[in-house]
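Asks: When you get a sec, could you give me coordinates for this:
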Amino acid sequence: MTTLEDRPGPVRDEDAFDAAAVHEWLSSTVDGLHGTPEVRQYPGGASNLTYLLRYPDRELILRRPPAGHKAASAHDMRREYRVQKLLRPVYPYVPDVLALCTDHAVLGSDFYVMERLDGIILRGNLPDGLTLSEEDARTLAFRTFDRLIELHEVDQDAVGLGDLGKGAGYVERQVRGWSDRYRKARTPDSPDGVEVMAWLAANQPDDVRICVIHNDFRFDNVMLDPHLDVVGVLDWEMATLGDPLMDLAGSMAYWIQADDDEIAQRSRRQPSHLPGMPKRAELVAYYCDRMGLSADNWVFYEVFGWFRLGVIMQQIYYRFHSGQTHNPAFKGFPRFVEYLDARCRRAIGV
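Replies: Numbers count the residues shown, from 1 in each chain. A predicted model of the protein is given here:
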């Protein structure tokens, strides 16, 4: 039940590395590895790059940063490795990370290696051979967001992650930080975003609480077993200590429901449109009820989620526009940045 997006292919020339050098270092750290591995690259790679290291009797995953411009706090392999290492004893959906390399002579940057999880990842459409009844779709959605709730209930101090973020003032820092990122990543074909950024700055609420947040939680970062139970939560590069409603807002920005417009449907990356899948408002109400939080200020979080997604797409497009990456999947991103800006402005009435 794998999709093309889940199958690793040839390594892109711009992302190649010396497999023998990686093996020499890795085999001195992880027992039982024999021979230089076959290296394949997963075709995503909008942010950190992911590779399959295929040994005769074992398959591992290597994660590394992309080449080119990156935000100062982004693509921190040491941090991504540490988050997973410390979370795994209390949050079993974290992959088993095996080794972190900080010697740039090996690959040219920090990188880490983890065990490969086996399972189903839901992309834009269900994989061939998988069908969901309306009841199954609804159950899957709420069950998956139960895993987000469980993450937000982790005691960060008890697991050693009390220093993962700056704590109080998270909402203000996010509004300011993502606005700054957008200004720096703007290209001549992108909207100025002035009205939306001003509204977010003027209408931000206080933090509702501070906890461990994933910051990129959606179906295509979740791995399921054949019974559609969650066995893994992937891509921890943006995890931090922050406001849980901001984490939920990020998830909802990707949740395209059946009655969303045509442009939204073209951007859909998960099967959230299927009959039986709850709407965003239902998931927000479910989450807030389970967490004991109010959804009274949800319009702020919703607008922030759309704005943040637009900034992420603009940052990726900036690398493509300036020739730092040549992945053709990024060429059409400006149209969606424009769409998200318009969606934000409609929501705030400007």
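Asks: what helix or strand is Val90 on?
Replies: Assigned by DSSP states H and E, Val90 belongs to neither a helix nor a strand.
Asks: Run a quick neighbour tally on it.
Replies: 15 (other CB atoms under 10 Å). No exception for glycine: its C-beta is placed from N, CA and C like everyone else's.
Asks: tell me the contacts of it?
Replies: By CB atoms under 8 Å, 6 or more residues apart in numbering, the residues touching Val90 are 154-155, 158-159.
Asks: do Ser267 as well
Replies: Neighbouring residues of Ser267 by CB under 8 Å, 6+ apart: 256, 336, 339.
Asks: Need those in JSON lines (columns: distance to Pro271).
Replies: Formatted as JSON lines, the contacts of Ser267 follow (distance: CB to CB, whole Å):
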{"residue": "Ile256", "distance to Pro271": "9"}
{"residue": "Phe336", "distance to Pro271": "19"}
{"residue": "Tyr339", "distance to Pro271": "20"}
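Asks: Compare those and tell me which is most surrounded.
Replies: Ile256 (22 neighbours).
Asks: Spell out the secondary structure type for it.
Replies: coil (DSSP: H, G, I helix; E, B strand; the rest coil).
Asks: Name the nearest residue to it, ignoring sequence neighbours.
Replies: Excluding the flanking residues, the one nearest Ile256 by CB to CB, 6 or more residues apart in numbering is Arg268, at 4.1 Å.
Asks: on that earlier part again, buried subset of the contacts of Val90?
Replies: 154, 159 (16 or more other CB atoms under 10 Å).
Asks: between the contacts of Val90, which is nearest Gln204?
Replies: Distance to Gln204 across these (CB to CB) is lowest for Val154, with 25.1 Å.
Asks: What distance do you get for that closest one to Phe142?
Replies: 20 Å (CB to CB, to the nearest Å).
Asks: go on, Met252?
Replies: For Met252, the distance to Phe142 - CB to CB - is 14 Å.
Asks: ok, the two, which is more surrounded?
Replies: The neighbour comparison of Met252 against Phe142 (other CB under 10 Å) goes to Met252, with 22 against 15.
Asks: Confirm for me that the more buried one is in contact with Ala285.
Replies: No - look at Met252 against Ala285 with CB atoms under 8 Å: they stay out of range, at 11.7 Å.
Asks: Give me the residue at the spatial middle of this protein.
Replies: What sits nearest the mean C-alpha location of the chain, by CA atoms, centre = their mean, is Asp216, with 3.2 Å.
Asks: for it, what are its contacts?
Replies: 235, 237-238, 250.
Asks: Secondary structure added to those residues, as JSON lines?
Replies: Converted to JSON lines, these look like this (three-state DSSP):
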{"residue": "Asp235", "secondary structure": "coil"}
{"residue": "Glu237", "secondary structure": "coil"}
{"residue": "Met238", "secondary structure": "coil"}
{"residue": "Gly250", "secondary structure": "helix"}
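Asks: The stretch 101-250 of the chain: helices as residue ranges?
Replies: Ranges of helices in the stretch 101-250 of the chain, per DSSP state H, counting those that start in this stretch, are 104-107, 134-152, 170-185, 194-203, 244-253.
Asks: would a markdown table of those helices with mean pLDDT and distance to Met277 be doable?
Replies: Putting those into a markdown table (pLDDT from 0 to 100; distance: least, CB to CB, whole Å) gives the following:
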| stretch | mean pLDDT | distance to Met277 |
| --- | --- | --- |
| helix 104-107 | 94 | 40 |
| helix 134-152 | 98 | 5 |
| helix 170-185 | 97 | 28 |
| helix 194-203 | 98 | 28 |
| helix 244-253 | 98 | 13 |
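Asks: for those, which one ends up most surrounded?
Replies: Across those, averaging neighbours per residue (mean count of other CB atoms under 10 Å) puts helix 244-253 on top, at a mean of 24.
Asks: Which strands or helices does that one pack on?
Replies: If you count contacts as 3 or more CB pairs under 8 Å, 6 or more residues apart in numbering; DSSP states H and E, helix 244-253 packs onto helix 134-152, helix 170-185, strand 211-213, helix 280-291, helix 298-321.
Asks: Among the ones you listed, which comes closest to His273?
Replies: Set against His273 and scored by CB to CB, the helices and strands packed on helix 244-253 come closest in helix 134-152, at 9.8 Å.
Asks: Which neighbouring elements make contact with the closest one?
Replies: strand 211-213, strand 222-224, strand 230-233, helix 244-253, helix 280-291.
Asks: Gly349: neighbouring residues, count only.
Replies: Residues near Gly349, counting by other CB under 10 Å: 6.
Asks: likewise Leu130?
Replies: When neighbours are counted by other CB under 10 Å, Leu130 comes out with 14.
Asks: For it, give its distance to Asn297.
Replies: Taking CB to CB, one finds Leu130 at 37 Å from Asn297.
Asks: what's the answer for Arg138, then?
Replies: 26 Å.
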